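> Fold the stuff below for me.
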Amino acid sequence: MFLIWCPQDGIRTQLCFRSDHIEGPYESKIILSDVIDNPGKGVAQGCIIDTKDGDWYGFLFQDFGAVGRTPVLMECRWEDG
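Predicted coordinates:
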């Protein structure tokens, strides 16, 4: 499960919660807290995609004001299980 978090005096941050069971317990991790190329505008609020070849990607968005929300596609991987 993805969740966007806006820490006080910080940037939008993408969190991920995962569990082997829908009832939990869940573990959480900050998976992205970066402005890439737009200072002050964190990248967040999206999903993960797995391909038929077993590759994983994060598909997220970044606010560019009047331009709108631009998509960001980045490789991702699971660690520790």
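> so what's the residue nearest the centre of the chain bridging to?
Per C-alpha atoms, centre = their mean, the C-alpha nearest to the average position across the chain is that of residue 14, at 4.1 Å. Beta-bridge pairing of residue 14 under DSSP bridges involves residue 4, residue 32.
> Can you name the residues that contact it?
Residues near residue 14 by C-beta atoms under 8 Å, 6 or more residues apart in numbering: 2-5, 30-33, 42-46, 58, 60. (Each C-beta comes from the backbone N, C-alpha and C, glycine too.)
> hmm, 10 Å instead?
By C-beta atoms under 10 Å, 6 or more residues apart in numbering, the contact list for residue 14 reads 2-5, 29-34, 42-46, 58, 60.
> This protein: strands as residue ranges?
2-5, 13-18, 27-32, 43-50, 56-63, 69-76 (DSSP state E).
> one step back: in PyMOL, select just the buried ones from the contacts of residue 14.
To isolate the buried members of the contacts of residue 14 in PyMOL, using 16 or more other C-beta atoms under 10 Å:
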select buried, resi 2+32+33+42+43+44+46+58+60
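> circling back to that earlier point, quick one: the strands of the chain as JSON lines, columns for mean pLDDT too.
Shown next, in JSON lines, are the strands of the chain (pLDDT from 0 to 100):
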{"stretch": "strand 2-5", "mean pLDDT": "83"}
{"stretch": "strand 13-18", "mean pLDDT": "86"}
{"stretch": "strand 27-32", "mean pLDDT": "84"}
{"stretch": "strand 43-50", "mean pLDDT": "83"}
{"stretch": "strand 56-63", "mean pLDDT": "86"}
{"stretch": "strand 69-76", "mean pLDDT": "86"}
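> Residue 75 touches residue 50, doesn't it?
No - Residue 75 is beyond contact range of residue 50, at 11.7 Å (criterion: C-beta atoms under 10 Å).
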